[in-house]
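Visitor: Predicted model and sequence follow; I will ask about them next.
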Amino acid sequence: MIEQTTIFPDLKGASVLITGGGSGIGAALTEGFARQGARVAFIDIAVAASQALVDGLAGQVDHTPLFLEADLSDLGQLRNACAKADEAHGAVTVLVSNAALDDRHDLLEMSDDYWDANQAINLRPAAFAAQAVAPGMIEAGHGAIVNFTSTSYMLNIGNMPSYTAAKAGIVGLTKGLAGRLGPHGIRVNAIAPGWVMTERQKQLWVTEDGLKAMIDRQCLKEAIQPEDMVGPCLFLASSAARMITAQVLIADGGMM
Ligand SMILES: NC(=O)c1ccc[n+]([C@@H]2O[C@H](COP(=O)([O-])OP(=O)(O)OC[C@H]3O[C@@H](n4cnc5c(N)ncnc54)[C@H](O)[C@@H]3O)[C@@H](O)[C@H]2O)c1
């Protein structure tokens, strides 16, 4: 359970849309916004995990989050899900583009189809989800978009070139959207997590030695948890950050 140490009054009742909100960091964000009293819709393909999240929060929060099953790499499904969030909760005024797929892949074996499919989940949805919700935000005269990038693209990691290219692209997209939408009172920022101990990371890649090596490089000597991304995201989404846009907030425990 996420402890709410800070309340952001403008998030109460806000229409929030989170991509990939059914598991990992996204599930922590769904819960974090719901505990602020926001009306949260989230898009995911992981049906069982998403339904379990909704069931677990039902009765615990003012507005039970709405799970929208859709494959974000299909733009028709993405647009349809964004429209459903608008219909259910009113125009989305907070968009969190969090979904991603960090499968490892090798440059020498990577096909052009693999590259395209990888970009279609790791970069393209952030652009087209923003496009889908922007008219409603423009009409409302305000809005906040938070895109998830990653410190991995800054670290010369060799085993996921399409993913790291997409994550660098998220930063460019964030700044481009901030320039385009800022005159309408819409702020666009990014969060760059370090290595976060989601279930997927723990099942696939975390080893005792690997985690120790990472923590050795952090100023803060603790493993980063999904819940640690909630405060930064709530802050950037809220009016507490009202003059902050086009920025990347690094949440990596102070990597050295
Ligand atoms: N976990 C980390 O260490 C870490 C580090 C740096 C950056 N990040 C970034 O943080 C964000 C969240 O990462 P995470 O580790 O929680 O990821 P995750 O893989 O654990 O969860 C991603 C969510 O997106 C959903 N998703 C994936 N493909 C989808 C699709 N085609 N359509 C709809 N939903 C889809 C998944 O079902 C899942 O619920 C990502 O943008 C990731 O790049 C994570």
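Guide: Great, that's in hand. Source: prediction; values computed, not measured.

Visitor: Might you enumerate the residues of the stretch 1-150 of the chain proximal to the ligand?
Guide: Proximity of the stretch 1-150 of the chain to the ligand, by Cβ under 6 Å from any ligand atom, involves residues 20, 22-26, 43-46, 71-73, 98-102, 121, 148, 150. (Glycine included, C-beta is placed from N, CA and C.)

Visitor: Over to the stretch 151-256 of the chain?
Guide: 152, 193, 195, 196, 198, 200, 201.

Visitor: Give me the buried subset of these.
Guide: Buried members of these, scored by 16 or more other Cβ atoms under 10 Å, are 152, 193, 195, 196, 198, 201.

Visitor: Could you pull up the mean pLDDT of the helix or strand the last one falls within?
Guide: This points to residue 201. Applying DSSP states H and E as the criterion places residue 201 in helix 199-204. Helix 199-204 shows a mean pLDDT of 97.

Visitor: immediately after it, which helix or strand?
Guide: Trace forward from helix 199-204 with DSSP H and E and the next one is helix 208-217.

Visitor: Give me the next element, helix or strand, following that following helix.
Guide: Defined by DSSP H and E, the subsequent element after helix 208-217 is helix 230-237.

Visitor: Which positions within that following helix qualify as buried?
Guide: Those would be 230, 232, 233, 234, 235, 236, 237, for helix 230-237 by 16+ other Cβ under 10 Å.

Visitor: pLDDT score assigned to the last one?
Guide: Going back to what we said before, that points to residue 237. Residue 237 is given a pLDDT of 98.

Visitor: can you map out the helices along the stretch 1-150 of the chain?
Guide: 24-35, 47-57, 75-89, 112-122, 124-140 (DSSP state H, counting those that start in this stretch).

Visitor: can you put those in CSV and add mean pLDDT?
Guide: Below are these laid out as CSV (pLDDT from 0 to 100):
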stretch, mean pLDDT
helix 24-35, 98
helix 47-57, 98
helix 75-89, 98
helix 112-122, 98
helix 124-140, 98
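
Visitor: Tell me how many other residues crowd residue 217.
Guide: Residue 217 has 14 neighbours, counted by other Cβ atoms under 10 Å.

Visitor: quick one: it and residue 252 touch, right?
Guide: No. Using Cβ atoms under 8 Å, residue 217 is not in contact with residue 252; the gap is 9.1 Å.

Visitor: Could you measure from the closest residue in space to residue 256 that isn't next to it in sequence over to the ligand?
Guide: Among residues not flanking residue 256 along the chain, residue 217 sits closest, at 5.3 Å (Cβ to Cβ, 6 or more residues apart in numbering). Applying Cβ to the nearest ligand atom, to the nearest Å, the value for residue 217 to the ligand is 14 Å.

Visitor: tell me the pLDDT at residue 217?
Guide: 97.

Visitor: wait, what's in contact with the residue of the chain most remote from its centre?
Guide: Computed with Cα atoms, centre = their mean, the residue of the chain farthest from its C-alpha average is residue 108, at 29.7 Å. By Cβ atoms under 8 Å, 6 or more residues apart in numbering, the contact set of residue 108 is empty.
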